[in-house]
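In: any chance you can model this:
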Amino acid sequence: MNNLERFSIHRYRKKPEINIAPLVDMVFLLLIFFLVSTTFSRETGVSVRKPKAKTASYLSRESILVAVTREGTVHINNRKVDLETLYRIMKDILKQKQEASVIIIADKGAIVGRVIEVMDKCRQAGAKNISLSALKEE
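Out: Model prediction:
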């Protein structure tokens, strides 16, 4: 083998490399798939045991969620509030979304009087459509 042949062999030999472009493409495709296929739900920030009802139905996603726990605490937008703060928050939200409905998610052991107070504050803030949340009984 002369010098010319040796030079041409080394000249065309590629160094091994890892191409990560297909990996990055695949990660972006998976990210887009999960973003599109995931349903986003707004929660109140507290877990409650909803009562069951045979006549329960589904409402739109443009609803304002308010939770009332067994202990009587009120939660909206992932924070615990008192009735006056609830009134102010509801007033602000309803200025932007005048036709939004309010869904009260009350624990099945919650005191009815407390739920009525929450409903009253929502109505005073300008809510026209107030519903109670329940699990659909099959």
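In: skip the chain neighbours and tell me the closest residue to Lys97.
Out: Leaving aside its chain neighbours, Lys97 sits nearest to Glu62 (6.8 Å; criterion: Cβ to Cβ, 6 or more residues apart in numbering). Any C-beta I mention is one placed from the backbone N, CA and C, and that applies to glycine too.
In: if you could redo that for Met119, that was the one I meant.
Out: Once flanking residues are discounted, Met119 sits nearest to Ile130: 5.5 Å by Cβ to Cβ, 6+ apart.
In: any figure for the gap between the one you found and Ala106?
Out: 12 Å (Cβ to Cβ, to the nearest Å).
In: next: Lys95.
Out: Distance from Lys95 to Ala106, by Cβ to Cβ: 25 Å.
In: which one's more surrounded, those two?
Out: Per other Cβ atoms under 10 Å, whichever of Lys95 and Ala106 has more neighbours is Ala106, with 25 against 10.
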